[in-house]
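J.: Just need the structure, nothing else, for what follows:
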Amino acid sequence: MNTLLLRSRRVRVVAHDTVRLLRTVAAAIALLLLMPSLAVAQNDVKIRDLTQAEGALPVRLVGYGLAVGLDNTGDRAIGGQTGGPTVQSVINILRRFNVEVPADLIRMRNVAAVLVTAEVSPFLRAGGRFEVQVSSMGDARSLKGGTLFMTPLVADPSGPPLASAQGALLISQGGSTTRYAPTHETAARIPTGGVLEADLPRPTIGATSRLLLREPDLGLASRIATAINGAMGEKTAIVEDEGAVIVTLADSLAKPVAMARIRDLAVAPEARPRIIIDGRDGTVVAGGDMVVGAATVSHGAITLAIGALEPNDTAAIPGSVRLPAGIPVQRVASALHAVQTPASEIAAIFAALREVGALTAEIIVR
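T.: Just a heads-up that it's a prediction; the model follows:
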(Lines give C-alpha, C1' and ligand atoms only; values in the text may rest on other atoms or scores of the structure.)
Protein backbone atom coordinates (compact mmCIF):
# COMPACT_ATOMS: atom_id res chain seq x y z
CA MET A 1 0.00 0.00 0.00
CA ASN A 2 2.78 2.46 0.93
CA THR A 3 4.63 1.59 -2.30
CA LEU A 4 1.57 2.46 -4.42
CA LEU A 5 1.16 5.81 -2.65
CA LEU A 6 4.83 6.65 -3.16
CA ARG A 7 4.64 5.80 -6.92
CA SER A 8 1.48 7.92 -7.24
CA ARG A 9 3.23 10.97 -5.65
CA ARG A 10 6.25 10.53 -7.96
CA VAL A 11 3.93 10.45 -11.01
CA ARG A 12 2.23 13.70 -9.89
CA VAL A 13 5.62 15.39 -9.31
CA VAL A 14 6.88 14.35 -12.77
CA ALA A 15 3.66 15.58 -14.41
CA HIS A 16 3.91 18.91 -12.56
CA ASP A 17 7.54 19.38 -13.67
CA THR A 18 6.60 18.49 -17.25
CA VAL A 19 3.81 21.10 -17.31
CA ARG A 20 6.14 23.72 -15.87
CA LEU A 21 8.79 22.87 -18.49
CA LEU A 22 6.24 23.12 -21.31
CA ARG A 23 5.07 26.51 -20.03
CA THR A 24 8.68 27.77 -19.96
CA VAL A 25 9.32 26.56 -23.51
CA ALA A 26 6.07 28.16 -24.72
CA ALA A 27 7.00 31.46 -23.09
CA ALA A 28 10.46 31.36 -24.69
CA ILE A 29 8.95 30.66 -28.14
CA ALA A 30 6.48 33.54 -27.72
CA LEU A 31 9.32 35.86 -26.72
CA LEU A 32 11.34 34.86 -29.79
CA LEU A 33 8.33 35.51 -32.00
CA LEU A 34 7.84 38.94 -30.44
CA MET A 35 11.50 39.99 -30.63
CA PRO A 36 11.39 41.31 -34.24
CA SER A 37 8.35 43.45 -33.47
CA LEU A 38 9.96 44.65 -30.25
CA ALA A 39 13.11 45.59 -32.16
CA VAL A 40 11.03 47.54 -34.68
CA ALA A 41 9.10 49.26 -31.89
CA GLN A 42 12.37 50.36 -30.25
CA ASN A 43 13.29 52.22 -33.46
CA ASP A 44 9.97 54.06 -33.63
CA VAL A 45 10.06 57.81 -33.07
CA LYS A 46 7.38 59.97 -31.52
CA ILE A 47 5.58 62.40 -33.77
CA ARG A 48 6.76 65.27 -31.54
CA ASP A 49 10.34 64.54 -32.63
CA LEU A 50 9.46 64.39 -36.33
CA THR A 51 7.22 67.43 -36.62
CA GLN A 52 6.60 70.88 -35.25
CA ALA A 53 3.35 72.77 -34.90
CA GLU A 54 2.62 75.44 -37.47
CA GLY A 55 3.74 78.85 -36.24
CA ALA A 56 5.93 77.37 -33.51
CA LEU A 57 9.19 78.34 -35.14
CA PRO A 58 12.06 78.85 -32.72
CA VAL A 59 13.01 82.43 -31.97
CA ARG A 60 16.66 83.27 -32.65
CA LEU A 61 18.34 85.64 -30.22
CA VAL A 62 21.67 87.39 -30.53
CA GLY A 63 23.78 89.69 -28.38
CA TYR A 64 27.22 91.29 -28.09
CA GLY A 65 29.11 90.76 -24.86
CA LEU A 66 32.43 90.31 -23.13
CA ALA A 67 34.10 87.15 -21.84
CA VAL A 68 36.19 88.00 -18.78
CA GLY A 69 38.59 86.11 -16.53
CA LEU A 70 40.74 84.70 -19.35
CA ASP A 71 44.30 83.58 -18.62
CA ASN A 72 46.11 86.07 -20.89
CA THR A 73 44.40 84.52 -23.93
CA GLY A 74 41.93 87.34 -24.67
CA ASP A 75 41.98 90.06 -27.30
CA ARG A 76 45.32 91.80 -27.79
CA ALA A 77 43.72 95.24 -28.00
CA ILE A 78 45.20 97.97 -25.81
CA GLY A 79 43.99 101.44 -24.94
CA GLY A 80 44.76 104.62 -26.81
CA GLN A 81 44.64 104.97 -30.56
CA THR A 82 44.91 101.21 -31.11
CA GLY A 83 41.99 100.46 -28.78
CA GLY A 84 39.14 98.68 -30.52
CA PRO A 85 35.56 97.82 -29.62
CA THR A 86 36.72 95.56 -26.78
CA VAL A 87 38.41 98.47 -24.99
CA GLN A 88 35.41 100.76 -25.54
CA SER A 89 33.01 98.05 -24.26
CA VAL A 90 35.01 97.67 -21.05
CA ILE A 91 35.02 101.46 -20.56
CA ASN A 92 31.23 101.57 -21.05
CA ILE A 93 30.67 98.75 -18.53
CA LEU A 94 32.88 100.43 -15.92
CA ARG A 95 30.97 103.69 -16.36
CA ARG A 96 27.75 101.89 -15.33
CA PHE A 97 29.43 101.35 -11.96
CA ASN A 98 30.67 104.97 -11.82
CA VAL A 99 34.26 103.95 -12.48
CA GLU A 100 36.26 106.06 -14.92
CA VAL A 101 39.48 104.57 -16.27
CA PRO A 102 41.64 106.26 -18.95
CA ALA A 103 41.67 104.24 -22.14
CA ASP A 104 45.47 104.39 -22.29
CA LEU A 105 45.74 102.32 -19.10
CA ILE A 106 43.58 99.42 -20.24
CA ARG A 107 45.13 96.12 -21.35
CA MET A 108 42.74 93.46 -22.67
CA ARG A 109 44.58 90.15 -22.43
CA ASN A 110 42.04 88.78 -19.95
CA VAL A 111 38.94 90.03 -21.85
CA ALA A 112 37.51 89.06 -25.24
CA ALA A 113 34.67 90.49 -27.33
CA VAL A 114 32.16 87.72 -28.09
CA LEU A 115 28.96 87.14 -30.04
CA VAL A 116 26.21 85.32 -28.12
CA THR A 117 23.53 83.37 -30.01
CA ALA A 118 20.62 81.13 -28.99
CA GLU A 119 17.41 79.51 -30.24
CA VAL A 120 14.36 79.59 -27.96
CA SER A 121 11.00 77.85 -28.25
CA PRO A 122 8.11 80.34 -28.53
CA PHE A 123 6.33 78.37 -25.78
CA LEU A 124 9.07 79.08 -23.22
CA ARG A 125 7.78 81.44 -20.55
CA ALA A 126 9.52 84.34 -18.80
CA GLY A 127 12.02 82.95 -16.33
CA GLY A 128 12.74 79.86 -18.43
CA ARG A 129 16.38 78.95 -19.05
CA PHE A 130 18.05 77.91 -22.30
CA GLU A 131 21.48 77.19 -23.77
CA VAL A 132 23.56 79.92 -25.39
CA GLN A 133 26.51 79.69 -27.80
CA VAL A 134 29.46 82.07 -27.36
CA SER A 135 31.98 82.83 -30.14
CA SER A 136 35.02 85.07 -30.11
CA MET A 137 34.88 88.12 -32.42
CA GLY A 138 38.46 89.39 -32.04
CA ASP A 139 41.90 87.82 -31.95
CA ALA A 140 41.53 85.97 -28.65
CA ARG A 141 43.44 82.68 -28.59
CA SER A 142 41.13 80.88 -26.16
CA LEU A 143 37.96 81.40 -24.12
CA LYS A 144 38.87 78.58 -21.73
CA GLY A 145 38.22 79.41 -18.09
CA GLY A 146 36.30 82.59 -18.94
CA THR A 147 32.95 83.89 -17.75
CA LEU A 148 30.41 85.68 -19.90
CA PHE A 149 29.50 89.09 -18.48
CA MET A 150 25.74 89.69 -18.38
CA THR A 151 24.69 90.19 -22.01
CA PRO A 152 21.25 91.39 -23.26
CA LEU A 153 19.80 89.23 -26.08
CA VAL A 154 17.50 90.60 -28.78
CA ALA A 155 15.56 89.09 -31.68
CA ASP A 156 16.04 92.23 -33.76
CA PRO A 157 19.03 94.59 -33.43
CA SER A 158 16.63 97.54 -33.16
CA GLY A 159 14.21 95.74 -30.80
CA PRO A 160 14.06 95.58 -27.01
CA PRO A 161 16.00 92.92 -25.05
CA LEU A 162 13.99 89.72 -24.62
CA ALA A 163 16.50 87.73 -22.57
CA SER A 164 19.91 87.90 -20.94
CA ALA A 165 22.85 85.53 -20.72
CA GLN A 166 25.77 85.06 -18.37
CA GLY A 167 27.77 82.27 -16.75
CA ALA A 168 30.92 80.17 -16.95
CA LEU A 169 31.99 79.15 -20.47
CA LEU A 170 32.11 75.43 -21.27
CA ILE A 171 34.49 74.34 -24.05
CA SER A 172 34.28 70.93 -25.75
CA GLN A 173 37.09 68.65 -24.58
CA GLY A 174 36.38 65.90 -27.12
CA GLY A 175 39.59 66.42 -29.08
CA SER A 176 43.18 66.04 -27.97
CA THR A 177 45.33 69.14 -28.04
CA THR A 178 48.41 68.61 -30.17
CA ARG A 179 50.46 70.66 -32.57
CA TYR A 180 48.58 69.19 -35.53
CA ALA A 181 45.11 68.86 -33.94
CA PRO A 182 44.59 71.75 -31.53
CA THR A 183 41.41 71.94 -29.49
CA HIS A 184 39.01 74.57 -30.82
CA GLU A 185 38.77 77.02 -27.91
CA THR A 186 37.40 80.21 -29.48
CA ALA A 187 33.80 78.95 -29.28
CA ALA A 188 32.01 77.82 -26.14
CA ARG A 189 28.55 77.28 -24.71
CA ILE A 190 26.68 77.83 -21.47
CA PRO A 191 24.10 75.02 -21.00
CA THR A 192 21.57 77.04 -18.94
CA GLY A 193 23.14 80.48 -19.27
CA GLY A 194 20.17 82.21 -20.92
CA VAL A 195 17.12 83.48 -19.04
CA LEU A 196 14.00 84.63 -20.88
CA GLU A 197 12.78 87.94 -19.43
CA ALA A 198 9.60 88.43 -21.49
CA ASP A 199 6.96 86.14 -22.99
CA LEU A 200 7.32 85.56 -26.74
CA PRO A 201 4.48 85.64 -29.32
CA ARG A 202 3.22 82.06 -29.52
CA PRO A 203 0.57 80.28 -31.62
CA THR A 204 -2.70 79.00 -30.17
CA ILE A 205 -4.07 75.47 -30.63
CA GLY A 206 -7.16 75.60 -32.82
CA ALA A 207 -9.64 72.98 -34.03
CA THR A 208 -7.51 72.62 -37.18
CA SER A 209 -3.73 72.53 -36.97
CA ARG A 210 -0.88 71.62 -39.25
CA LEU A 211 2.00 69.38 -38.25
CA LEU A 212 5.06 70.42 -40.26
CA LEU A 213 7.61 67.68 -40.91
CA ARG A 214 11.15 68.63 -39.94
CA GLU A 215 12.36 66.65 -42.98
CA PRO A 216 9.68 66.56 -45.70
CA ASP A 217 8.93 63.02 -46.88
CA LEU A 218 5.66 61.81 -48.40
CA GLY A 219 5.97 58.29 -47.00
CA LEU A 220 6.59 59.57 -43.49
CA ALA A 221 3.70 62.03 -43.76
CA SER A 222 1.40 59.14 -44.76
CA ARG A 223 2.54 57.02 -41.80
CA ILE A 224 1.95 59.93 -39.42
CA ALA A 225 -1.59 60.43 -40.79
CA THR A 226 -2.29 56.70 -40.51
CA ALA A 227 -1.11 56.61 -36.89
CA ILE A 228 -3.24 59.63 -35.96
CA ASN A 229 -6.36 58.24 -37.67
CA GLY A 230 -5.84 54.90 -35.95
CA ALA A 231 -5.72 56.52 -32.51
CA MET A 232 -8.13 59.45 -32.91
CA GLY A 233 -10.58 58.25 -35.56
CA GLU A 234 -10.78 58.28 -39.34
CA LYS A 235 -10.34 61.56 -41.23
CA THR A 236 -8.72 63.23 -38.21
CA ALA A 237 -5.50 63.65 -40.19
CA ILE A 238 -5.01 64.31 -43.91
CA VAL A 239 -1.71 64.54 -45.78
CA GLU A 240 -1.54 67.99 -47.39
CA ASP A 241 1.80 67.39 -49.09
CA GLU A 242 5.15 65.84 -48.24
CA GLY A 243 5.85 68.55 -45.69
CA ALA A 244 2.57 68.92 -43.78
CA VAL A 245 -0.25 66.91 -42.18
CA ILE A 246 -3.54 68.67 -41.42
CA VAL A 247 -5.15 67.62 -38.13
CA THR A 248 -8.84 68.38 -37.52
CA LEU A 249 -10.06 67.74 -33.98
CA ALA A 250 -13.66 67.19 -32.92
CA ASP A 251 -15.28 70.00 -30.93
CA SER A 252 -15.88 67.62 -28.03
CA LEU A 253 -12.15 67.09 -27.50
CA ALA A 254 -9.93 69.22 -25.29
CA LYS A 255 -7.48 70.57 -27.88
CA PRO A 256 -4.27 70.68 -25.78
CA VAL A 257 -4.86 67.17 -24.40
CA ALA A 258 -5.68 65.76 -27.83
CA MET A 259 -2.61 67.36 -29.44
CA ALA A 260 -0.41 66.06 -26.62
CA ARG A 261 -1.75 62.54 -27.24
CA ILE A 262 -1.14 62.87 -30.98
CA ARG A 263 2.42 64.11 -30.51
CA ASP A 264 3.13 61.10 -28.24
CA LEU A 265 2.15 58.60 -30.96
CA ALA A 266 5.09 56.68 -32.44
CA VAL A 267 5.78 55.90 -36.09
CA ALA A 268 8.62 54.19 -37.91
CA PRO A 269 10.85 56.85 -39.53
CA GLU A 270 12.49 56.45 -42.89
CA ALA A 271 15.95 55.01 -42.30
CA ARG A 272 18.52 57.21 -44.07
CA PRO A 273 22.24 56.49 -43.97
CA ARG A 274 23.99 59.46 -42.39
CA ILE A 275 27.35 60.31 -40.96
CA ILE A 276 27.48 63.26 -38.56
CA ILE A 277 30.87 64.90 -37.97
CA ASP A 278 31.59 67.51 -35.31
CA GLY A 279 33.78 70.04 -37.10
CA ARG A 280 35.28 71.26 -33.83
CA ASP A 281 36.45 68.12 -32.03
CA GLY A 282 36.30 65.51 -34.84
CA THR A 283 33.61 63.29 -33.30
CA VAL A 284 32.18 60.95 -35.98
CA VAL A 285 28.76 59.35 -35.50
CA ALA A 286 27.53 56.74 -38.00
CA GLY A 287 24.44 54.57 -37.68
CA GLY A 288 24.15 50.94 -38.78
CA ASP A 289 26.86 49.00 -40.57
CA MET A 290 27.97 51.50 -43.18
CA VAL A 291 31.18 50.55 -44.98
CA VAL A 292 33.59 52.45 -47.22
CA GLY A 293 34.54 51.23 -50.69
CA ALA A 294 37.86 51.53 -52.53
CA ALA A 295 39.17 55.08 -52.95
CA THR A 296 42.24 57.23 -52.37
CA VAL A 297 42.01 60.70 -50.85
CA SER A 298 45.00 62.97 -50.39
CA HIS A 299 44.17 65.99 -48.25
CA GLY A 300 46.79 68.20 -46.65
CA ALA A 301 49.44 66.03 -45.02
CA ILE A 302 47.18 62.95 -44.91
CA THR A 303 46.72 60.35 -47.66
CA LEU A 304 43.96 57.82 -47.08
CA ALA A 305 44.09 54.76 -49.38
CA ILE A 306 41.26 52.25 -49.13
CA GLY A 307 41.54 49.14 -51.28
CA ALA A 308 43.16 45.73 -51.63
CA LEU A 309 46.34 45.47 -49.54
CA GLU A 310 49.36 43.53 -50.76
CA PRO A 311 50.45 40.70 -48.40
CA ASN A 312 53.92 42.25 -47.91
CA ASP A 313 52.72 45.84 -47.88
CA THR A 314 53.30 46.54 -44.19
CA ALA A 315 55.81 49.41 -44.37
CA ALA A 316 54.64 52.48 -42.46
CA ILE A 317 54.67 55.74 -44.45
CA PRO A 318 54.34 59.02 -42.50
CA GLY A 319 50.99 60.67 -43.20
CA SER A 320 49.66 57.61 -45.05
CA VAL A 321 46.68 55.54 -43.89
CA ARG A 322 46.04 52.28 -45.76
CA LEU A 323 42.94 50.24 -45.09
CA PRO A 324 41.14 47.34 -46.83
CA ALA A 325 38.03 47.97 -48.92
CA GLY A 326 34.67 47.37 -47.25
CA ILE A 327 35.91 48.64 -43.90
CA PRO A 328 33.32 50.12 -41.47
CA VAL A 329 33.10 53.91 -41.17
CA GLN A 330 34.05 53.88 -37.50
CA ARG A 331 37.34 52.08 -38.23
CA VAL A 332 38.21 54.69 -40.85
CA ALA A 333 37.51 57.43 -38.28
CA SER A 334 39.63 55.62 -35.67
CA ALA A 335 42.55 55.34 -38.12
CA LEU A 336 42.37 59.06 -38.94
CA HIS A 337 42.27 59.94 -35.24
CA ALA A 338 45.27 57.65 -34.63
CA VAL A 339 47.44 59.76 -36.97
CA GLN A 340 46.15 62.97 -35.31
CA THR A 341 44.16 64.23 -38.28
CA PRO A 342 42.53 67.63 -37.53
CA ALA A 343 38.74 67.68 -37.23
CA SER A 344 38.29 69.88 -40.29
CA GLU A 345 40.37 67.48 -42.43
CA ILE A 346 38.36 64.46 -41.20
CA ALA A 347 35.18 66.16 -42.43
CA ALA A 348 36.80 67.01 -45.78
CA ILE A 349 38.07 63.43 -46.25
CA PHE A 350 34.64 61.87 -45.61
CA ALA A 351 33.03 64.41 -47.97
CA ALA A 352 35.58 63.45 -50.65
CA LEU A 353 34.83 59.73 -50.13
CA ARG A 354 31.16 60.44 -50.79
CA GLU A 355 31.94 62.49 -53.91
CA VAL A 356 33.93 59.65 -55.51
CA GLY A 357 31.20 57.11 -54.70
CA ALA A 358 33.08 55.15 -52.03
CA LEU A 359 30.45 56.19 -49.49
CA THR A 360 26.72 56.57 -50.08
CA ALA A 361 25.73 58.05 -46.72
CA GLU A 362 24.83 61.72 -46.34
CA ILE A 363 27.61 63.73 -44.68
CA ILE A 364 26.49 66.29 -42.09
CA VAL A 365 29.17 68.54 -40.58
CA ARG A 366 28.19 70.50 -37.46
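
J.: how deep is Pro201 tucked in, by neighbour count?
T.: 8 (other CB atoms under 10 Å). C-beta here means a position set from N, CA and C on the backbone, and glycine is covered the same way.

J.: residues touching Asp264, list them.
T.: By CB atoms under 8 Å, 6 or more residues apart in numbering, Asp264 lies in contact with 46-48.

J.: can I get the residues you listed in CSV with neighbour count and pLDDT?
T.: Output for the contacts of Asp264, formatted as CSV (neighbours: other CB atoms under 10 Å; pLDDT from 0 to 100):
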residue, neighbour count, pLDDT
Lys46, 13, 89
Ile47, 19, 91
Arg48, 16, 87
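
J.: From those residues, pick the one nearest Gly326.
T.: Relative to Gly326, the closest of the contacts of Asp264 is Lys46; by CB to CB it sits at 35.4 Å.

J.: And the contacts of Asp264, which is closest to Gly307?
T.: Using CB to CB, the contacts of Asp264 come closest to Gly307 at Lys46, 42.8 Å.

J.: Go ahead and confirm the closest one touches Arg263.
T.: Yes: with contact defined as CB atoms under 8 Å, Lys46 reaches Arg263; the gap is 6.7 Å.

J.: who's the residue lying closest to Ala221 once chain neighbours are set aside bridged to?
T.: Of all residues not flanking Ala221 in the chain, Val239 sits nearest, at 4.8 Å (CB to CB, 6 or more residues apart in numbering). For Val239, the beta-bridge partners are Val245 (DSSP bridges).

J.: Distance of Val239 relative to Val332?
T.: 39 Å (CB to CB, to the nearest Å).

J.: and what of Ile238?
T.: Taking CB to CB, one finds Ile238 at 45 Å from Val332.

J.: And Glu355, by the same measure?
T.: 15 Å.

J.: The residue nearest to Ala221 touches Ser222, doesn't it?
T.: Yes: between Val239 and Ser222 there is a contact at 5.7 Å, judged by CB under 8 Å.

J.: Out of the contacts of Asp264, which comes closest to Gly230?
T.: Ile47 (12.3 Å).

J.: Spell out the residue ranges of the strands in the stretch 201-350 of the chain.
T.: Here the stretch 201-350 of the chain has its strands, by DSSP state E, counting those that start in this stretch, at 208-213, 237-241, 244-248, 266-267, 274-277, 284-286, 291-292, 295-299, 302-306, 320-323, 327-328.

J.: which other helices and strands contact the longest one?
T.: Pointing back at strand 208-213 there. strand 51-53, helix 218-232, strand 244-248 (3 or more CB pairs under 8 Å, 6 or more residues apart in numbering; DSSP states H and E).

J.: And the last one, what's buried?
T.: Residues of strand 244-248 classed as buried under the neighbour-count rule (16 or more other CB atoms under 10 Å) are 244-247.

J.: Turn those residues into a markdown table, including distance to Pro152 and pLDDT.
T.: Compiled in a markdown table, those are given as follows (distance: CB to CB, whole Å; pLDDT from 0 to 100):
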| residue | distance to Pro152 | pLDDT |
| --- | --- | --- |
| Ala244 | 36 | 92 |
| Val245 | 39 | 93 |
| Ile246 | 40 | 92 |
| Val247 | 38 | 90 |
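
J.: Columns distance to Thr360 on top of those residues, output as JSON lines?
T.: Formatted as JSON lines, the buried residues of strand 244-248 follow (distance: CB to CB, whole Å):
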{"residue": "Ala244", "distance to Thr360": "29"}
{"residue": "Val245", "distance to Thr360": "29"}
{"residue": "Ile246", "distance to Thr360": "34"}
{"residue": "Val247", "distance to Thr360": "35"}
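
J.: Looking at the residues you listed, which is nearest Gln340?
T.: Gln340 lies nearest to Ala244 out of those, by CB to CB, at 46.9 Å.

J.: Leaving out the residues flanking it, which one is nearest to that closest one?
T.: Arg210 (5.0 Å).

J.: thinking again about what came up before, Throw the helices and strands packed on strand 208-213 into a markdown table and include distance to Gly319, thanks.
T.: Listed next are these as a markdown table, based on distance: least, CB to CB, whole Å:
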| stretch | distance to Gly319 |
| --- | --- |
| strand 51-53 | 46 |
| helix 218-232 | 44 |
| strand 244-248 | 50 |
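
J.: one step back: Ile238 and Val332: which is more packed in?
T.: Higher neighbour count among Ile238 and Val332: Val332, with 26 against 14, using other CB under 10 Å.

J.: Tell me who's in contact with that one.
T.: Counted by CB under 8 Å, 6+ apart, Val332 has contacts 292, 304, 306, 323, 350.

J.: go again using 10 Å as the cut-off
T.: Contact partners of Val332, counting by CB atoms under 10 Å, 6 or more residues apart in numbering, are 275, 284, 286, 290-292, 304, 306, 321, 323, 346, 349-350, 353, 358-359.

J.: can you tell me the helix or strand for Thr360?
T.: Using DSSP states H and E, Thr360 sits within no helix or strand.
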